[in-house]
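Participant: sequence unknown, structure follows:
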């Protein structure tokens, strides 16, 4: 059921249509507090975690780029079965390594991203 | 050689455990979601939540940016202040040198890069 | 005199501002050529919290109801009027183009939850590298088809859109659409239809919003 295009911000409701459920966006809600209090945190532990996030984000970007390129080559038929198998194993190991690192630094999947301001998000 | 095999095997098992955990988490999330729907968790509440999320996305990440400097932020930890011109220039360099196109629809590799 | 000029929006409208600023402050126009910025004076730039974000949004929406505007990011402030004039002069073309781009349109935000379950293999790993890549390919395909089911029909009703970025989680996406004001109701109906018709997705839409996501040139 659609509603009239009406703005009434004092009601703090902007729902126009559909029925939102939050389970998939639950993490966003949790992180909202942080977003609303953008403080530069000079705490050393957080700084280290921040650097780890930066590095892992870049690795994750490259990993995704390479995986996508491999998939494209498979679709294009330019890889032998052996090459596919070797690539797949490598990517699998890479994924597991990333998971270990994420666990070690207590970093969530959603945190692996870079906010480039007006240029949007990196990944 | 067999050591390497064992290592690979251990890693596969770790990955399997992680995948099982992910599946469990997905099942739990799905179940929680069903329960909320059944309990009729206030549509108004969900409406307010999504409105707030969309508001924050827009006001804090969108709109005209007044200053030329932007911040590279990772999980709200301001790490690097970069002059906008310098960043745009370096993005163009990355694109040219690595044969990558970092367009709004997601990164893609140019065929020549391989 | 200390304090800041808090900047809300850029406009090419000649009318006096129709709204009041944050904390009841008066809105003022600072002009440069045929562009103007709408500002109010404050002691400091406000920090974001739920209250003030909604208050800011209310100002923008009131402005939008009687003029074409480019909303600024929350928290944008300068020290002097000269800074505003300089920005308008420096970026004149950018702003004029953007105003044309958004004239008569609003932004609608769409979120979709894609309900397909991940593969619940009865025979789980260990698996081969090939199987891993096949599964990844399947994931990408599923992600793409979901996007087709939800994004395509909505993009057809919009002037332009910020399409869903590939996310790691193929179960959710969000996108923003720039929609002519007269087509908002149709857009809303379409979202409702998709929600009802698609078993595999739950779609919702908020708006109308000022065109925050469309102030920058994104075309390639």
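Facilitator: Nice, I can see it. This structure is a prediction, so every number in the text was calculated from the model and none was measured.

Participant: please enumerate the helices of chain A.
Facilitator: Ranges of helices in chain A, per DSSP state H, are A:26-36, A:44-76, A:81-105.

Participant: show me what the helix or strand of chain C with the lowest mean pLDDT is packed against.
Facilitator: Lowest mean confidence among the helices and strands of chain C (mean pLDDT, DSSP states H and E): helix C:129-155, at a mean of 83. Contacts defined by 3 or more CB pairs under 8 Å, 6 or more residues apart in numbering or on different chains; DSSP states H and E place helix C:129-155 against helix A:44-76, helix A:81-105, strand C:105-114, strand C:160-162, strand C:172-180, helix C:184-197, strand C:201-209. C-beta here means a position set from N, CA and C on the backbone, and glycine is covered the same way.

Participant: switch to 7 Å and redo it
Facilitator: Secondary-structure packing of helix C:129-155 (3 or more CB pairs under 7 Å, 6 or more residues apart in numbering or on different chains; DSSP states H and E): helix A:44-76, helix A:81-105, strand C:105-114, strand C:172-180, helix C:184-197, strand C:201-209.

Participant: would you pull up the residue in chain C closest to chain A?
Facilitator: In chain C, the residue that lies nearest chain A is residue C:129 (2.5 Å; CB to the nearest CB).

Participant: how about the residue nearest to residue C:88 when sequence neighbours are not counted, what does it touch?
Facilitator: Distances taken as CB to CB, 6 or more residues apart in numbering or on different chains place residue C:32 nearest to residue C:88, at 3.7 Å, with adjacent residues excluded. Counting by CB atoms under 7 Å, 6 or more residues apart in numbering or on different chains, residue C:32 touches C:85, C:88, C:89.

Participant: of those residues, select the buried ones using a ChimeraX command.
Facilitator: In ChimeraX, a selection of the buried entries from the contacts of residue C:32 looks like this (16 or more other CB atoms under 10 Å in any protein chain shown):
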select /C:85,88
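
Participant: just put the contacts of residue C:32 in TSV and tack on pLDDT and secondary structure.
Facilitator: Converted to TSV, the contacts of residue C:32 look like this (pLDDT from 0 to 100; DSSP: H, G, I helix; E, B strand; the rest coil):
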residue	pLDDT	secondary structure
C:85	96	helix
C:88	96	helix
C:89	95	helix
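
Participant: which one of the contacts of residue C:32 is nearest chain B?
Facilitator: Distances from chain B to those, taken as CB to the nearest CB, are shortest for residue C:88 (10.8 Å).

Participant: that closest one reaches residue C:35, doesn't it?
Facilitator: Yes. Taking contacts as CB atoms under 7 Å, residue C:88 lies within contact range of residue C:35: 4.8 Å.

Participant: what sits in contact with each of those two?
Facilitator: With CB under 7 Å, 6+ apart, residue C:88 and residue C:35 have common neighbours residue C:95.

Participant: near the residue of chain C closest to chain A, how many other residues are there?
Facilitator: Neighbours of residue C:129 under the rule other CB atoms under 10 Å in any protein chain shown: 18.

Participant: do the same with residue C:159
Facilitator: Counted with other CB under 10 Å, residue C:159 comes out at 16.

Participant: and it, backbone torsions?
Facilitator: phi -70, psi -40 (degrees, to the nearest 10).

Participant: enumerate every residue touching it.
Facilitator: By CB under 7 Å, 6+ apart, the contact list for residue C:159 reads C:105, C:178, C:179, C:180.

Participant: so who does the first one touch?
Facilitator: Read it as residue C:105. By CB under 7 Å, 6+ apart, the residues touching residue C:105 are C:159, C:178, C:179, C:180, C:181, C:211.

Participant: closest to residue C:55 out of those?
Facilitator: Nearest to residue C:55 among these, counting by CB to CB, is residue C:211 at 19.6 Å.

Participant: look up how far residue C:23 lies from the closest one.
Facilitator: 25 Å (CB to CB, to the nearest Å).

Participant: more neighbours: the two, which one.
Facilitator: Between residue C:211 and residue C:23, counted using other CB under 10 Å, residue C:211 has the larger neighbour count: 27 against 12.

Participant: for residue C:208, which non-adjacent residue is spatially closest?
Facilitator: residue C:106 (3.6 Å).

Participant: pretty sure the one you found contacts residue C:209?
Facilitator: Yes. Using CB under 7 Å, residue C:106 is in contact with residue C:209, at 6.5 Å.

Participant: quick revisit: pull the number of nearby residues for the residue nearest to residue C:208.
Facilitator: Count around residue C:106 with other CB under 10 Å applied: 23.

Participant: now do the same contact list for it.
Facilitator: Here residue C:106 is in contact with C:179, C:181, C:184, C:207, C:208, C:209, C:211 (CB under 7 Å, 6+ apart).

Participant: so what's it bridging to?
Facilitator: For residue C:106, the beta-bridge partners are residue C:179 (DSSP bridges).

Participant: can you put the helices of chain A in a markdown table and add distance to chain B and mean neighbour count?
Facilitator: Shown next, in a markdown table, are the helices of chain A (distance: least, CB to the nearest CB, whole Å; neighbours: other CB atoms under 10 Å in any protein chain shown):
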| stretch | distance to chain B | mean neighbour count |
| --- | --- | --- |
| helix A:26-36 | 5 | 15 |
| helix A:44-76 | 4 | 16 |
| helix A:81-105 | 5 | 16 |
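
Participant: mind checking which of these is nearest residue C:144?
Facilitator: Across the helices of chain A, closest to residue C:144 is helix A:44-76 (CB to CB), at 11.5 Å.

Participant: by proximity to chain B, which residue of chain C wins?
Facilitator: Closest point on chain C to chain B, by CB to the nearest CB, is residue C:212, at 3.2 Å.

Participant: re the thing from before, okay, buried residues for the least confident helix or strand of chain C please.
Facilitator: Neighbour-count burial for helix C:129-155 flags C:129-130, C:132-137, C:140, C:142-143, C:146-147, C:149-151, C:154-155 (criterion: 16+ other CB under 10 Å).

Participant: in chain A, which helix or strand is least confident?
Facilitator: Ranking every helix and strand in chain A by mean pLDDT, DSSP H and E puts helix A:26-36 at the bottom, with a mean of 59.

Participant: just the buried members of the contacts of residue C:106?
Facilitator: Here, 16+ other CB under 10 Å leaves C:179, C:184, C:207, C:208, C:209, C:211 buried among these.

Participant: quickly check these for the two that are furthest apart.
Facilitator: That would be C:184 and C:211, which, of the buried ones among the contacts of residue C:106, are the farthest apart (CB to CB) at 12.7 Å.

Participant: wait, isn't the residue of chain C closest to chain A in contact with residue A:82?
Facilitator: No. Here residue C:129 lies out of contact with residue A:82, judged by CB under 7 Å, at a distance of 10.0 Å.

Participant: give me the pLDDT value at residue A:86.
Facilitator: With respect to pLDDT, residue A:86 scores 91.

Participant: looking at it, it is touching residue C:129, isn't it?
Facilitator: Yes. Counting by CB under 7 Å, residue A:86 does reach residue C:129; the two are 6.4 Å apart.
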